[in-house]
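Student: model the structure of this input:
(chains A and B, ligands or ions: 2)
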Amino acid sequence: MITQQETLLEMHNVKFRYADHVVMNGLNLSLKSQETLVVMGPSGGGKSTLLRLLLGILKVDHGSIRFKGKDITKLNRHELNEMRSSIGMVYQYSALMSSMNVHDNIALPLRELSKKTAKEIDKIVDAKLELVGLKDIKEQLPSELSGGMKKRVGLARAMALEPTLILFDEPSSGLDPINSVLIDDLIVALREEHKVASIVVTHTMPSAFRIATSMAMLHDGKIVEEGSPADFRQSKNRFVHEFLSAYLTHGHAKEPKHANS
Amino acid sequence: MIAKLGAITTAFLQELSSLVWMARETVAEVYERISTKKSPFRLTDFFVQTDRVGMGSVFLVSLVSIFVGLTLALLTGYQLERFGMVMLVPITVVISFTREMGPLLTGIVLAARVGASYTAELGTMTASEEVEAIEGMGIGPLRYLVTPRFLAIFFMTPCLSVVAIVSGIVGAAFISNLSLDLNFSYFYDQTMDSLLVKDVISGMIKSFLFGGIIGWIACFKGLAVRGGAAGVGTATTSSVVTAVTTVIGCDTLCNIFMVSVFK
Ligand SMILES: Nc1ncnc2c1ncn2[C@@H]1O[C@H](COP(=O)(O)OP(=O)(O)O)[C@@H](O)[C@H]1O
Ligand SMILES: [Mg+2]
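Tutor: Ligands and ions are numbered 1, 2, ... in the order given. Predicted coordinates:
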C-alpha cells in the first residue's frame, strides 16, 4: 500500500538534448503519491519533453528517473511497457485514434494490455465515461467531438488501466474557460476521490493554482523553484516572479507589476 | 557534384539502416508479446487489412492486366504474323505474364494504391501523435500497427499476382480470337502446355518479395513523417516513388539471377 508520504517518482540530474539543442540540463524533480504537481515553464521550455522522458518515449542522455523505486532508464522492453501501462497520459491535442469511435478509443488499452472480456471492457468504458461526465457519445468519432470533449475522452482513456499516475500536457490549452475549469475539477477529483497522482504541465496560471498541491518552475532545463502554491506566490525567484506577474498584469490589467532582475 | 553524390549516398545508407532498425524493433516487439503469451496483433486487424489490400485492389489489378495482356498479344501478334508464327502468341504471353508482367503490374498497382494509403494513414497518425500515444500506453506501435499491414500485403500480393496472370492471359486470348484468328480452345491448350512450374514459382517468389518491399517501405515512410500535413504529403509521394523504383530494380535483379540459375 502506498502511503501519503511515499515518493512515487524521482528524477535525478536528468540531461537530454535533441541533436544539438539542449532541453534538460541537470533536472531534479520528485513527486509524492496522491500529489498534483504542476510544472510551469515557457513555451518551448521542454515541458512536453519532460513528460516524454517520464514515459520512456525519449531516453535520457544522463541521470535517472525512478518510478515506484525502479529506474525506468534501465528497464527492458517488457518492464518498460508494464511501467507505461501504470501511467496514463493526456495529450495536448488529445491524440485519440481518429479511425476509432469513442468506445474503441477507451477500450484500446484494455483490449491490448489486459485479459478482460469484451463485456468487462464495456463496463469499464461506461464507468470511465461517466467519471469524466460524458454519455451517449460512445459511437461518435473523435472528429465529431468538441475540444473539451476530446480532452475528457483522452482522460477516460488514460484512466482505463487504473494508473497510479496521470500526466497532463497543457490540459487547458485551446479550451474556453468553462471547459478549462471542468478539466481542472476532474484533475482535483482524481486526487481527492481516486487517489491518483498527477503531473500537470501548463503555463495557464489560474488553472495551475486551482489544482496544484505543489508546483515546480522549469527554466533552462532545470527546476529553478519547487514548493507549495503558497511558497510560489511569495517566491523570490526571478523567473517565478516574472511568470506570476505576467499573469497578474494580464489577468488584472491594472497592476503593472513587472519583475526586475 | 561529388559532394552531392556523397550526400545522396549517406542519405540512402541512413534510410537503409533505419529500415533495418525498424525490422529489428518490430521483431523485438513481437517477441516480447509472444514470450508473455499474448498475440502480437489482433487477427481481426489482419483481416481488415487483407480485405483492404485484396478486395480493394482486385478490380484494378485485373483491369490493368487485361489491358496489358491485350496489348502484348496484339503487338507480338503483328510482329510474329510477318514470319507466319502467330501461333506462338499464347506461349509468349503466358511466359511473360507468369514470370514478369503479373508480379510487376501487381507490384506497381499495389505501391500506388496500398503503399500510398499505408503511408498516408500511418503518417497522419504519427503527425497527430496517435502513434506516440500508442507507444505511451505500453502498446508496441510496430507490432500493433505495422505487423498486420505488412503481413496483409505480403500474403495478398501473390494472390493478386495470380489474378493478374489470369486476367492478362484472358485479355490476350480475347484479342487473339478477335484479330489474330486464334480460337479459344487453341489458346487454352497452348496456355496449359506452356505453363511451367518453374515460371510460376519464380513469379510467386517475386510477388512475395514485392509485397514485402512495398509494405515495409510504406510503413516506414509513414512512421518517419515529421512536420504535419506537408510531411504526410511528401512522405506519401516518396513512398510510392521509392517502392516502385525498388520493385522494378529488384525485378531486374531477380530476372538476372533466375535466368542464370534456371537457364
Ligand atoms: N523532435 C524534436 N526534434 C528537435 N527539437 C525538438 C523536438 N521536439 C521539441 N524540440 C525542441 O525542444 C524544445 C522543447 O520542446 P517541448 O518539450 O515541446 O516544449 P514545450 O512543451 O515546453 O512547449 C523546443 O525548443 C523544441 O523546438
Ligand atoms: Mg508542449
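Student: flag every residue of the stretch 51-200 of chain A that's near chain B.
Tutor: Residues of the stretch 51-200 of chain A lying close to chain B (Cβ under 8 Å from any Cβ of the partner chain) are A:52, A:55, A:57, A:77-78, A:80-85, A:87, A:89, A:91, A:93, A:95-98, A:108-109, A:111-113, A:161. (Glycine included, C-beta is placed from N, CA and C.)
Student: find the nearest non-adjacent residue to residue 81, please.
Tutor: You didn't pick a chain, so chain A it is. Nearest non-adjacent residue to A:Asn81, counting by Cβ to Cβ, 6 or more residues apart in numbering or on different chains: B:Gly138, 4.0 Å away.
Student: sorry, should have said chain B
Tutor: Distances taken as Cβ to Cβ, 6+ apart put B:Leu180 closest to B:Glu81, at 7.4 Å, once the chain neighbours are dropped.
Student: the one you found contacts B:Val89, doesn't it?
Tutor: Yes - using Cβ atoms under 8 Å, B:Leu180 is in contact with B:Val89, at 6.3 Å.
Student: quick one: which of the two has more around it?
Tutor: Set B:Leu180 next to B:Val89 and count neighbours by other Cβ atoms under 10 Å in any protein chain shown: B:Val89 wins out with 27 against 19.
Student: and the helix or strand hosting that one, what does it pack onto?
Tutor: B:Val89 belongs to helix B:89-96 when assigned by DSSP states H and E. On a contact count with 3 or more Cβ pairs under 8 Å, 6 or more residues apart in numbering or on different chains; DSSP states H and E, helix B:89-96 meets helix B:43-81, helix B:147-179, helix B:184-194.
Student: ok and the helix or strand following it relative to helix B:89-96, angle-wise?
Tutor: Moving toward the C-terminus from helix B:89-96, the next helix or strand (DSSP H and E) is helix B:102-110. With axes from the mean of the first three to the mean of the last three Cα atoms, to 10 degrees defining the directions, helix B:102-110 sits at 60 degrees from helix B:89-96.
Student: show me the contact partners of helix B:102-110.
Tutor: For helix B:102-110, the surrounding residues in contact (Cβ atoms under 8 Å, 6 or more residues apart in numbering or on different chains) are B:53, B:57, B:60-61, B:64-65, B:68, B:153, B:157, B:160-165, B:168, B:203-204, B:206-207, B:210-211, B:213-214, B:244, B:247-248, B:251.
Student: show me the contacts for A:Val132.
Tutor: Contacts for A:Val132 (Cβ under 8 Å, 6+ apart) come out as A:Arg152, A:Val153, A:Leu155, A:Ala156, A:Leu186.
Student: and the first one, which of the three is it?
Tutor: What that stands for is A:Arg152. Each residue gets one of three states, and A:Arg152 gets helix by DSSP: H, G, I helix; E, B strand; the rest coil.
Student: wait, it touches A:Gly133, no?
Tutor: Yes - A:Arg152 is in contact with A:Gly133 according to Cβ under 8 Å; the separation is 6.8 Å.
Student: more neighbours, these two?
Tutor: Set side by side, A:Arg152 and A:Gly133 show more neighbours around A:Arg152, with 26 against 13, by other Cβ under 10 Å.
Student: read off the pLDDT value for the more buried one.
Tutor: Among the per-residue scores, A:Arg152 holds a pLDDT of 95.
Student: show me the helices in the stretch 151-261 of chain A, by range?
Tutor: A:177-194, A:205-211, A:229-233, A:238-251 (DSSP state H, counting those that start in this stretch).
Student: kindly reformat those as TSV containing mean neighbour count and mean pLDDT.
Tutor: Output for these, formatted as TSV (neighbours: other Cβ atoms under 10 Å in any protein chain shown; pLDDT from 0 to 100):
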stretch	mean neighbour count	mean pLDDT
helix A:177-194	16	92
helix A:205-211	20	90
helix A:229-233	15	90
helix A:238-251	17	76
